[in-house]
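> coords below, sequence missing:
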């Protein structure tokens, strides 16, 4: 089996009605796409991704095509090592390729990817991950809706304004009760809080029994993060999802900056496994991120013993089925107890309706 080429479909830009405060996010729209890795065996690796990653992937594939086309797609290490070291593919770009190559491997062996990784379990808890809402009431409404669906955990992306966030976390805990696991994530770079504000928020999150405090300070503030970790009583310090090199985590761990490693968005299955095993030997958890309609991290989580939660944007479908209805088949859902169950189809186990893809495709790139 040999790789024969790549086709990338870039979708139209769509607004996300659930992202209500554009200044709190790094862009006011969603633009997804799909990459299809072709082989001479007729097996295709299909991966969903953000257009901001798919564009450079298509460009860099063309530059390195002679080193990819004709290769056995099962030789992931050989291919990805060359593209990373010689051609400088980024962590995110190589991640999308890696997802596609694992999809091919699963389909080739007629097994879900998590089985090839060495299944440790067949279900994993999902956590509801909030959008940036405009009012306390909307945050609470979505949290309560999530709880009603079966979610036992909810991650808050707050206003990123200290005084407003303090008010919100007290109201949120009161609304959802003591039995719901809560997480807090400052999704602004660099982190929006001063060290003094981060220390004050840490104390409040401890009081309210939050599970983790994510990106409390900039990833470069090793002194500040280490201080927070020394001061915390219950809440765990989680960082950092905007790394460009996995080696950054070694310094964070060495300097005592974090309790939980946040697997970066769009990181490949192979690199997430490396990160998880690194975390495990340091007696830590690695909790990966997930968005944009794929389910690769489900497979990673099902193969790990030091990870607990699968991230799911709420309202459900905010990053895939809501902006692009009909495109994504087999969306990941939770059961009434809050669990996501293992995909049963070979490969990554999700499908794309290419008839619907044609309707929303802005640009098709062949390489």
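Okay, I see it. What you see is a predicted model, and the numbers here were worked out from it, not measured in a lab. Numbering: from 1, shown residues only.
> okay, now the domains of the protein?
In the domain annotation for the chain, the residue ranges read 3-112+352-366, 115-344 (automatic domain parsing).
> measure the shortest one end to end?
What it means is domain 3-112+352-366. Start-to-end span of domain 3-112+352-366 (Cα to Cα, to the nearest Å) is 14 Å.
> per-residue confidence averaged over it?
Confidence for domain 3-112+352-366, expressed as mean pLDDT, is 93.
> about what we covered before: turn the domains of the chain into CSV, columns for mean neighbour count.
In short, each C-beta sits where N, CA and C put it, glycine included. Listed next are these as CSV, based on neighbours: other Cβ atoms under 10 Å:
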stretch, mean neighbour count
domain 3-112+352-366, 18
domain 115-344, 19
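> residue 152 contacts residue 339, correct?
No. Counting by Cβ atoms under 8 Å, residue 152 stays clear of residue 339, with 9.3 Å between them.
> give me the common contacts of the two.
Shared contacts of residue 152 and residue 339 (Cβ atoms under 8 Å, 6 or more residues apart in numbering): residue 125.
> am I right that residue 238 falls within a strand?
Yes. According to DSSP: H, G, I helix; E, B strand; the rest coil, residue 238 belongs to a strand.
> quick one, helices of this protein?
51-64, 76-85, 91-109, 113-117, 136-149, 162-176, 195-207, 222-231, 247-254, 269-281, 296-302, 354-360 (DSSP state H).
> among those helices, which comes closest to residue 343?
Proximity to residue 343 (Cβ to Cβ) singles out helix 296-302 among the helices of the chain, at 6.5 Å.
> what's the closest one in contact with?
47, 99, 102, 112-114, 117, 119-124, 263, 268-269, 272-273, 276, 288-290, 307, 309-311, 332, 340, 342-343, 348-349.
> roughly how far is that helix from the heart of the chain?
How far helix 296-302 lies from its chain's middle: 11 Å, per Cα atoms, centre = their mean, to the nearest Å.
> state the mean pLDDT of that helix.
Mean pLDDT, computed over helix 296-302, is 94.
> contacts only, for the closest residue to residue 131 other than its chain neighbours.
In space, residue 131 comes closest to residue 18 once its chain neighbours are excluded; the distance is 4.2 Å by Cβ to Cβ, 6 or more residues apart in numbering. Neighbouring residues of residue 18 by Cβ under 8 Å, 6+ apart: 131, 133, 315, 318, 322.
> how about these, which pair is most distant?
133 and 322 (15.0 Å).
> how near is residue 82 to residue 6?
Computed as Cβ to Cβ, to the nearest Å, the residue 82 to residue 6 distance reads 16 Å.
> er, residue 254 actually
Taken as Cβ to Cβ, the span from residue 254 to residue 6 is 38 Å.
> tell me the contacts of the closest residue to residue 284 other than its chain neighbours?
Spatial nearest neighbour of residue 284, chain neighbours left out: residue 261 (6.1 Å); criterion: Cβ to Cβ, 6+ apart. The contact partners of residue 261, by Cβ under 8 Å, 6+ apart, come to 238-239, 249, 252-253, 275, 278-279, 284-287.
> now do 10 Å
By Cβ atoms under 10 Å, 6 or more residues apart in numbering, the contact set of residue 261 is 238-241, 243, 246, 249, 252-253, 275-276, 278-280, 282, 284-288, 306-307.
> for residue 150, same thing?
For residue 150, the contacting residues are 125-126, 128, 333-339, by Cβ under 10 Å, 6+ apart.
> a markdown table please, covering those and showing pLDDT and distance to residue 222.
Formatted as a markdown table, the contacts of residue 150 follow (pLDDT from 0 to 100; distance: Cβ to Cβ, whole Å):
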| residue | pLDDT | distance to residue 222 |
| --- | --- | --- |
| 125 | 97 | 31 |
| 126 | 96 | 32 |
| 128 | 97 | 31 |
| 333 | 91 | 39 |
| 334 | 95 | 36 |
| 335 | 96 | 41 |
| 336 | 95 | 43 |
| 337 | 96 | 39 |
| 338 | 97 | 35 |
| 339 | 98 | 36 |
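> with respect to residue 76, which of the residues you listed is nearest?
residue 126 (27.6 Å).
> quick one: that closest one and residue 114, what's the gap?
From residue 126 to residue 114 the distance is 15 Å (Cβ to Cβ).
> could you do residue 236 as well?
For residue 236 relative to residue 114 (Cβ to Cβ), the value is 25 Å.
> go on, residue 102?
10 Å.
> what of residue 304?
The value you get for residue 304 to residue 114, if Cβ to Cβ is used, is 10 Å.
> so what sits against both of those two?
120-121, 124.
> looking at those, spot the one nearest residue 59.
The closest of the shared contacts of residue 304 and residue 114 to residue 59 turns out to be residue 124 (Cβ to Cβ; 34.8 Å).
> how near is the residue nearest to that closest one when sequence neighbours are not counted to residue 129?
Using Cβ to Cβ, 6+ apart and skipping the chain neighbours, the partner closest in space to residue 124 is residue 301 (4.6 Å). Distance, residue 301 to residue 129, using Cβ to Cβ: 15 Å.
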